[in-house]
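Colleague: okay, here's the prediction I keep looking at, along with the sequence it came from:
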Amino acid sequence: MKTEHKQAQNATTDALLDAALMHVPFDGWTEATFTAACKDADVDAVLARAICPRGAVDLALAYHARGDALMLQRLKSEDLTGLRFRDKIAAAIRYRLEAVDDKEAVRRGTTMLTLPQYAADGAKAIWGTVDAIWNALGDGSDDINWYTKRASLSAVYTATVLYWLGDDSLEHQASWDFLNRRIDNVMQFEKLKAEVQANPLLKPFLAGPNWLADQIKRPQVAEDLPGSLPPRR
């Protein structure tokens, strides 16, 4: 019964989202868009508000989640055998952006989710995307590396999205070149970290920080992500 209810709820959200996307280029992710989506999708306003309490904000986050799902589907269908790991990451980010069918919807959503009242939602959405990428590519880290990998990729992903939004090159080739340069920067930093760790002269100074890093473990629940609110007591 719960499964059927969830499916019905998801179907209603999809209908509202599809209707909203017709209005977002003109009105953004706003109350006007949400109201129009309810009317166009023939969804009762009370039901729509029950599913999306914050209206268009929740629809914008649903649109982001839809893109993540499409990226994961493509990652499963593509043959990445033989690619270097850094190239698999680049491919995943490219698939994520190529899943977008309306760049203006992303532009409007980016603008909204940088507002102070929605910044936590934006951070959680980005973290969810890069977490999905790492998990899909088989990341098994359970220590501080779980955080640093996702933090680094969040920075790469965010920078690439902002560049991509203004990119008018053929098939967004300039964006993919930009992405590769950002990943190269991260790889150079990781190489430097490894060299520092391997330097015997620095080991006495790194003993304390390394011990502290060893105490940090990955979250035990999926909701324990940046941007999440603590449970109510």
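Modeller: Received the coordinates, thanks. In this text the structure is predicted, and so the values were computed from the model without any measurement. Numbering: from 1, shown residues only.

Colleague: show me the strands in this protein, by range?
Modeller: Under the criterion DSSP state E, strands are not mapped anywhere in the chain.

Colleague: any weak-confidence spans in it?
Modeller: By pLDDT under 70, the low-scoring segments of the chain are 1, 189-190, 192-199, 201-216, 220-233.

Colleague: domains in it, by residue range?
Modeller: Using automatic domain parsing, the domain ranges for the chain come out as 1-53, 62-233.

Colleague: how about these in JSON lines, adding mean neighbour count?
Modeller: No exception for glycine: its C-beta is placed from N, CA and C like everyone else's. Putting the domains of the chain into JSON lines (neighbours: other CB atoms under 10 Å) gives the following:
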{"stretch": "domain 1-53", "mean neighbour count": "16"}
{"stretch": "domain 62-233", "mean neighbour count": "15"}
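
Colleague: pretty sure residue 41 contacts residue 16?
Modeller: Yes: in this structure, residue 41 is within contact of residue 16 by CB atoms under 8 Å, at 5.3 Å.

Colleague: who's in contact with the closest residue to residue 152 other than its chain neighbours?
Modeller: Among residues not flanking residue 152 along the chain, residue 186 sits closest, at 5.1 Å (CB to CB, 6 or more residues apart in numbering). Taking CB atoms under 8 Å, 6 or more residues apart in numbering as the criterion, residue 186 is in contact with 152-153, 156.

Colleague: ok, the closest residue to residue 182 other than its chain neighbours to residue 110 distance?
Modeller: Nearest non-adjacent residue to residue 182, counting by CB to CB, 6+ apart: residue 156, 4.6 Å away. With distances taken as CB to CB, to the nearest Å, residue 156 is found 16 Å from residue 110.

Colleague: how about residue 142?
Modeller: According to CB to CB, residue 142 stands 32 Å off from residue 110.

Colleague: show me the contacts for residue 167.
Modeller: With contacts defined as CB under 8 Å, 6+ apart, residue 167 is in contact with 174-175, 178.

Colleague: closest one of these to residue 52?
Modeller: Using CB to CB, residue 175 comes nearest to residue 52 of the contacts of residue 167, at 30.9 Å.

Colleague: doesn't residue 168 make contact with that closest one?
Modeller: No: look at residue 175 against residue 168 with CB under 8 Å: they stay out of range, at 10.1 Å.

Colleague: including distance to residue 53, could the contacts of residue 186 go into JSON lines?
Modeller: Output for these, formatted as JSON lines (distance: CB to CB, whole Å):
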{"residue": "152", "distance to residue 53": "33"}
{"residue": "153", "distance to residue 53": "30"}
{"residue": "156", "distance to residue 53": "32"}
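
Colleague: nearest to residue 129 among these?
Modeller: Relative to residue 129, and with distances defined as CB to CB, the nearest of the contacts of residue 186 is residue 153, at 8.7 Å.
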